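>>> everything below, folded, please.
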Amino acid sequence: MKRIAPLASTLMLTLAGTSLGLPAVTRAADTSDNQGQDQSLPTINVTASGATGTQARSASVAGFDDAPLLDTPASVSVVTSAQMKDQQSRLLSDVVKNDASINENYAPVGYYENFSIRGFTLDPASAYRVNGLTVAGEQTIALENKEQVEIIKGLAGLQGGVLNAGGLVNYVTKRPADVRSVMLGTDSNGSRYLSTDLGVLFGDHKQFGLRVNAAHEDINSYVDYSNGYRDFASLAAAWDISSKARLAFNIEYQKKAQKSVAGYQLLGGTTVPSGVSPTTMLSPQPWVQPVRIDSLNFNTRFDLEFNDNWRGYITAGRSRAVIDDYLAFPYGSNVATVFSPTFAANGDYDVYDYRSPDDTRRNDEAQAVVQGKFNMGALRHGLTLGLTMSRRVIDKSDGISIPVGTGNIYSPAAAPLAPSGADIPASYRNLDSRQQAMLFTDRVQFGERWEVLAGGRQVWLKEKTYAATGATTRDTDRNQFLPQLALIYKPQVNMSLYGSYAETLSMGTAAAFWQTNYPTILPPSVARQLETGIKYDWNKDLSFTAAIFRMKKAYEYPQPDGAGGFKYVQQGKQTHTGLELGAAGNVTKQLRLAASLAFIQARADGTGTPAYDDKQAVNVPRLRGALYADYALAALPGLNLQGSWLYSGSKSATRDGSATVPSYHIFNTGLRYQTRMGGHPTTVRLTVDNVFDKRYWKDTGESLGDSYLHLGAPRLARLSVQYDF
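Numbering: from 1, shown residues only. The predicted model follows:
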């Protein structure tokens with residue numbers, strides 16, 4: 001606890017906060033942090049929200065300002081701050097675990113996480129945003145200062161430009177409010193957690209606002225030898241210059257250090273390991289150091305209302321993440337004889353002295369947007385025009401990855417190995433990627449029931465990659481127009497039906513070192529999506545959604561060359577066809593339910609490798625479902641019982657479907673008790689995840705051309721107390 005004392009002193013000096021990305025001339029109290037009458041539960045697969053309380057009813061992720069979810073022709077999921085607190089969320093995997101369309105995709109303990117949406121892996125370079133601006137996805141983004149997390153599922157070319165097909169995640173920061181809150185927490189592993197939320201509005205007309213969120217966490221992991229810590233602090237400020245102008249600023253810093261837990265690989269390239277424990281760290285050598293990730297994100301925004309119908313804003317930000325990796329990494333087998341990029345059939349693996357310090361990723365972005373409403377005859381227009389500029393650079397060395405010995409997944413203790421002692425080469429500029437774009441959307445309403453949303457983004461992409469010598473290894477210059485078109489029909493005021501078409505430009509991925517054309521990076525490709533859906537607010541407290549989609553993009557994979565080698569190619573098409581169903585809201589005054597169901601058929605064809613055609617994609621279950629319940633006990637006011645269930649169908653671990661991990665059911669439970677202590681609201685939360693201590697493979701995803709399998713967490717109990725003063 002030695003780190004808590006200086007952090008706590010810092011907390012008491014801090015004050016307030018903001019949320020960028022909201023209308024310029026409005027400020028509302030941060031009601032999500034005062035849950036005296038709240039009976040909330042996580043939003044599950046929410047594409048429309050008619051419920052009151054903490055259930056979100058609008059989001060900005062699918063457009064360029066807040067819009068009602070009922071009128072948004074896309075599948076959008078929103079999780080609020082109150083819901084994250086009830087789940088005791090610390091990571092994005094905690095936030096999205098109840099959305100059936102989102103799956104972990106290479107998310108090891110102690111490292112930054114990545115995900116797939118609708119079966120397509122997100123790109124850390126562009127898929128993660130804070131207040132609408134891209135951030136380096138190679139970080140664990142803190143949740144303490146977030147008002148809500150918005151997720152667009154499916155193509156988001158209009159919103160993001162060069163972006164993988166899955167979608168994007170937008171974190172919205174908290175806005176100014178008079179708030180004072182402290183939270184203490186622990187778990188069954190002995191972790192310790194402290195956070196504060198301190199804010200104030202001041203000035204003659206409360207036109208100034210400040211807010212600070214800060215946290216310290218001592219992480220006692222369920223995996224042996226993988227403990228760590230996390231420190232976080234954020235400062236936000238806002239100034240209502242006038243009734244028509246507002247300036248806002250947000251900055252957040254986080255330092256996290258934790259030993260990373262490597263995944264397993266298939267035994268002999270064909271067999272899923274059995275009889276292994278989620279608490280085991282493979283090759284825990286004494287010279288291994290924690291993975292350290294320092295991240296800094298800041299952004300500012302100026303809003304101006306020109307008149308009743310026209311307004312605009314300018315926003316800019318920078319994100320920087322620095323990663324230090326010092327690992328004894330278990331990877332492949334038989335490097336001394338005939339190398340294989342998988343574990344050996346008997347469980348043997350090679351151990352690498354892997355070091356990659358000062359791996360720096362930086363994203364810069366600026367936007368200027370004008371929005372207005374006007375009529376042309378019988379047509380009502382809502383126009384958005386914008387300019388964006390962004391740059392991403394990567395500065396790092398090639399590091400070292402040197403085999404130093406072997407291990408076995410079934411050995412009770414790892415044999416001590418000596419590090420290589422090799423020098424780490426100098427850092428250099430690996431990537432310089434620049435985008436410029438012009439965008440427009442026009443929401444045209446004719447009559448009382450019909451709307452057409454038409455728009456697009458013209459992207460100019462210039463990207464270069466470099467070798468350690470400074471030589472250019474790739475020079476991409478690509479211009480692309482990315483259209484988006486939607487038709488919305490509202491047969492009644494609380495129901496909307498929509499059909500949409502969208503395109504996005506996805507960057508090509510790189511060949512792994514064991515492939516014959518390493519270090520080739522495949523060219524960008526255009527992904528396309530058709531979607532139709534319905535959103536229905538049964539009443540003000542209960543909503544239903546359904547969506548059917550088909551997405552297509554170029555298929556990228558290591559193609560067998562017939563001589564035992566592999567060449568990384570872009571050949572064939574990957575088609576994902578799916579159905580999403582969702583329901584959320586109050587079933588009765590005491591019971592809130594949320595349900596999510598996703599069926600996805602993810603197939604490739606025309607690959608040139610018949611064994612891979614028409615097989616379900618790696619790490620994509622055909623069926624995934626979730627159910628969450630929150631029940632308020634009438635006999636004991638203030639006490640809510642909570643429970644959830646998650647089902648995942650079996651997932652393929654190989655492209656030919658010859659190896660799969662089994663389906664699983666996970667059950668969680670918890671309670672929230674709201675009372676008063678010393679005259680102040682106090683909330684106690686107790687959750688138990690994986691109640692029946694199920695052993696399961698949560699993730700069979702890929703990273704840098706290699707496949708890994710990660711075990712799910714065992715049973716974990718968490719306890720927290722929130723005191724508002």
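>>> distance of the closest residue to Glu448 other than its chain neighbours from His710?
With sequence-adjacent residues excluded and distances taken as C-beta to C-beta, 6 or more residues apart in numbering, Glu448 is closest to Lys490, at 7.7 Å. In this view, the C-beta of every residue, glycine as well, is placed from N, C-alpha and C. In this structure, Lys490 and His710 are 44 Å apart, going by C-beta to C-beta, to the nearest Å.
>>> which residues does Gly382 contact?
Residues in contact with Gly382, defined by C-beta atoms under 8 Å, 6 or more residues apart in numbering, are Gln371, Gly372, Lys373, Asp442, Arg443, Val444, Gln445.
>>> the helix or strand containing it pairs with which strands, and in what direction?
Counting by DSSP states H and E, the secondary-structure element that holds Gly382 is strand 379-396. With DSSP bridges as the test, strand 379-396 is paired with strand 348-376 (antiparallel), strand 428-446 (antiparallel).
>>> from the chain's centroid, how far away is it?
Going by C-alpha atoms, centre = their mean, to the nearest Å, the spacing between the C-alpha centre of strand 379-396 and its chain's C-alpha centre is 20 Å.
>>> a markdown table for the contacts of Gly382, including neighbour count and pLDDT?
Shown next, in a markdown table, are those (neighbours: other C-beta atoms under 10 Å; pLDDT from 0 to 100):
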| residue | neighbour count | pLDDT |
| --- | --- | --- |
| Gln371 | 19 | 96 |
| Gly372 | 15 | 96 |
| Lys373 | 14 | 95 |
| Asp442 | 14 | 95 |
| Arg443 | 21 | 94 |
| Val444 | 15 | 96 |
| Gln445 | 20 | 94 |
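>>> circling back: and the residue nearest to Glu448, how far from Glu451?
Using C-beta to C-beta, we find Lys490 at a distance of 8 Å from Glu451.
>>> what sits in contact with each of the two?
The overlap between the contact sets of Lys490 and Glu451 (C-beta under 8 Å, 6+ apart) is empty.
>>> could I get the average pLDDT for the helix or strand hosting Gln159?
With the criterion set as DSSP H and E, the secondary-structure element containing Gln159 is helix 157-160. Within the predicted structure, the mean pLDDT of helix 157-160 is 85.
>>> the helix or strand that that helix is followed by pairs with which strands, parallel or anti?
Past helix 157-160, further along toward the C-terminus, the next helix or strand under DSSP H and E is strand 167-173. Based on DSSP bridges, the pairing partners of strand 167-173 within the sheet are strand 128-130 (parallel), strand 146-153 (antiparallel).
>>> how about the contacts of Gly382 in TSV, adding distance to Ser333?
Conversion of these to TSV gives the following (distance: C-beta to C-beta, whole Å):
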residue	distance to Ser333
Gln371	57
Gly372	62
Lys373	64
Asp442	58
Arg443	57
Val444	61
Gln445	62
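>>> ok, so of those, who is nearest Pro523?
Within the contacts of Gly382, the smallest distance to Pro523 is 31.8 Å, found for Asp442 (C-beta to C-beta).
>>> so who does the nearest residue to Gln574 once chain neighbours are set aside touch?
Spatially, and ignoring its direct neighbours in sequence, Gln574 is nearest to Tyr555 (4.4 Å; C-beta to C-beta, 6+ apart). When contacts are counted by C-beta under 8 Å, 6+ apart, Tyr555 is found next to Gln570, Gln571, Gly572, Lys573, Gln574, Ala604, Gly606, Thr607.
>>> list buried residues within these.
Gln570, Gly572, Gln574, Ala604, Thr607 (16 or more other C-beta atoms under 10 Å).
>>> CA atoms only for stretch 205-219, dumped as CSV, please.
Taking C-alpha atoms only, stretch 205-219 is exported to CSV below (Å, rounded to 0.1, in the frame of the first residue of the first chain):
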residue,chain,number,x,y,z
HIS,A,205,-23.3,31.6,-13.1
LYS,A,206,-21.5,28.3,-12.5
GLN,A,207,-19.8,28.8,-15.8
PHE,A,208,-16.6,27.2,-14.8
GLY,A,209,-16.1,23.5,-14.0
LEU,A,210,-13.3,21.2,-12.8
ARG,A,211,-13.2,17.5,-12.1
VAL,A,212,-10.6,15.1,-11.1
ASN,A,213,-10.8,11.3,-11.1
ALA,A,214,-7.9,9.3,-9.7
ALA,A,215,-7.3,5.7,-8.7
HIS,A,216,-4.7,3.3,-7.4
GLU,A,217,-5.0,-0.5,-7.7
ASP,A,218,-2.7,-3.2,-6.3
ILE,A,219,-3.5,-6.1,-8.6
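>>> what mean pLDDT does it have?
Stretch 205-219 shows a mean pLDDT of 97.
>>> now it: buried residues?
Buried residues in stretch 205-219, defined by neighbour count with 16+ other C-beta under 10 Å: 207-219.
>>> with stretch 666-673 instead?
Of the residues in stretch 666-673, those buried under the neighbour-count criterion (16+ other C-beta under 10 Å) are Ile666, Asn668, Gly670, Leu671, Arg672.
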